[in-house]
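A.B. asks: Have a look at this fold, sequence not included:
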């Protein structure tokens, strides 16, 4: 298994942030993987995703948003978050220029990536993959956070648990239908926003994560 290579990204006025590149020798694609709002790039979930994608021949470039690098509790304004996304995509292209590139990430990180892509398409990005798209706050169903997605022209993969309180299915499914051909929705029974499943499901979190990453790899290799 390849080791994580520590690197830094320049996010302009927001300073420099840490990043981790994990690239197997036989990589067939690279995924620029942004973290969620409450946990950084080295969270156990992010570590597992990167390691298990490497087993599936997908390199990853993980990175911190500036607020996480600076250990602040409040997330960055969109302009700064988008700049971090763009810096990470640019670095992935520079380091692994021969590999097809997809971008996205967990929850907040995925949404910041899609906003950046909607505002101005990032060079080399073939598709966006979301590990739990945060469509609305828990208990406040809405589709407002999806309005920008209609401006994204590359394929999008939504990997969602059926118990995700941040994306009720009666809200998410119509969004994906309205996006048409660019959007693919893959649902995982009993999984919540963190892809945790209850014991009564008869499955373990690792099993679900494996299903999620199998789906991501199959989609990425088909772009």
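C.D. replies: Right, received. Where do you want to start? These figures come from a predicted structure and were not determined experimentally.

A.B. asks: and residue 6, what are its bridge partners?
C.D. replies: residue 20 (DSSP bridges).

A.B. asks: do you know how far it is from residue 63?
C.D. replies: 11 Å (C-beta to C-beta, to the nearest Å). Placement of C-beta: from N, CA and C, glycine included.

A.B. asks: what about the two, which has more around it?
C.D. replies: Each of residue 6 and residue 63 has its neighbours counted (other C-beta atoms under 10 Å); residue 63 has more, 30 against 9.

A.B. asks: OK, contacts around the more buried one?
C.D. replies: By C-beta atoms under 8 Å, 6 or more residues apart in numbering, the residues touching residue 63 are 9, 17, 18, 19, 20, 32, 34, 35, 41, 84, 87, 88.

A.B. asks: joint contacts of residue 6 and residue 63?
C.D. replies: By C-beta under 8 Å, 6+ apart, the residues touching both residue 6 and residue 63 are 18, 19, 20.

A.B. asks: Neighbour-wise, which one of those leads?
C.D. replies: That'd be residue 19 among the shared contacts of residue 6 and residue 63, by other C-beta under 10 Å, with 23 neighbours.

A.B. asks: residue closest to the middle of the protein?
C.D. replies: Centroid-nearest residue in the chain, with C-alpha atoms, centre = their mean: residue 105, separated by 1.2 Å.

A.B. asks: what secondary structure does it sit in?
C.D. replies: strand (DSSP: H, G, I helix; E, B strand; the rest coil).

A.B. asks: Now it. Nearest residue, chain neighbours left out?
C.D. replies: Closest residue to residue 105 apart from its sequence neighbours, by C-beta to C-beta, 6 or more residues apart in numbering: residue 34 at 3.1 Å.

A.B. asks: Quick check, pLDDT for the residue of the chain positioned farthest from its centre.
C.D. replies: Seen from the C-alpha centroid of the chain, the residue lying at the greatest distance (C-alpha atoms, centre = their mean) is residue 200, 28.0 Å away. Note for residue 200: predicted pLDDT of 91.
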